[in-house]
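Trainee: how would this look folded up:
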Amino acid sequence: MAAIKFKRVDGNTDLPLPGYATPGAAGMDLRAYLPEGPLRFAHGDLRMISTGFHVELPPGTEMQIRPRSGLALKHGFIIPNSPGTVDEDYRGVVMIGLYYLGTDPFQISHGDRIAQAVIADVRRYAVAEVATLSDTERGAGGFGSTGLK
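Mentor: I've put the predicted structure just below:
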């Protein structure tokens, strides 16, 4: 099994490596790197938060950044570009965009688990321009075209 390689940002001496909370977890927890102190969120705030780590992914994979269900459902945080994608050739700091929908002020502190990362295989295909596409029963029916039931 290939390893996901994490490199600490300068000054990050205390955060644990991103990791899986249970043996059956699909996503590894990502934590807030906030050495200057907590961030206070008010309704409508959108902030980028560092995880404190650079990453190197195995070839043919991506890291999908997803919300943590408890933070989303209990406190009102979403990741606006969810799932975010970290490409295999990215070597910068992994950042998490958090948007706060809650009504009461909420604080995120250094080390809080703020998102999860799922490693997924990526397939790449050749691209071809064509004059026609094959017909299907659905055709061009888009958003909501198949109904609710």
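Trainee: how far is the helix or strand of the chain with the lowest mean pLDDT from where the chain is centred?
Mentor: Using mean pLDDT, DSSP states H and E, the weakest-scoring helix or strand in the chain turns out to be helix 69-75, at a mean of 91. Here helix 69-75 shows a centroid-to-chain-centroid distance of 15 Å under the convention Cα atoms, centre = their mean, to the nearest Å.
Trainee: Now do that helix: which elements does it pack against?
Mentor: For helix 69-75, there is no helix or strand it packs on, judged by 3 or more Cβ pairs under 8 Å, 6 or more residues apart in numbering; DSSP states H and E. In short, each C-beta sits where N, CA and C put it, glycine included.
Trainee: immediately after that helix, which helix or strand?
Mentor: strand 77-78 (DSSP states H and E).
Trainee: buried ones in the following helix or strand past that following strand?
Mentor: Remark: after strand 77-78, the chain's next helix or strand is strand 84-87, criterion DSSP H and E. Within strand 84-87, the residues that count as buried by 16 or more other Cβ atoms under 10 Å are 84, 86.
Trainee: Just give the strands next to the helix or strand just after strand 84-87 in its sheet, each with its orientation.
Mentor: Downstream of strand 84-87, the next assigned helix or strand under DSSP H and E is strand 93-100. Applying DSSP bridges, strand 93-100 is found paired with strand 46-56 (antiparallel), strand 77-78 (antiparallel).
Trainee: and the first helix or strand past strand 93-100 going along the chain, what other elements does it pack with?
Mentor: Per DSSP H and E, strand 93-100 leads on to strand 106-108 as the next helix or strand towards the C-terminus. Under the contact definition 3+ Cβ pairs under 8 Å, 6+ apart, strand 106-108 sits against strand 39-41.
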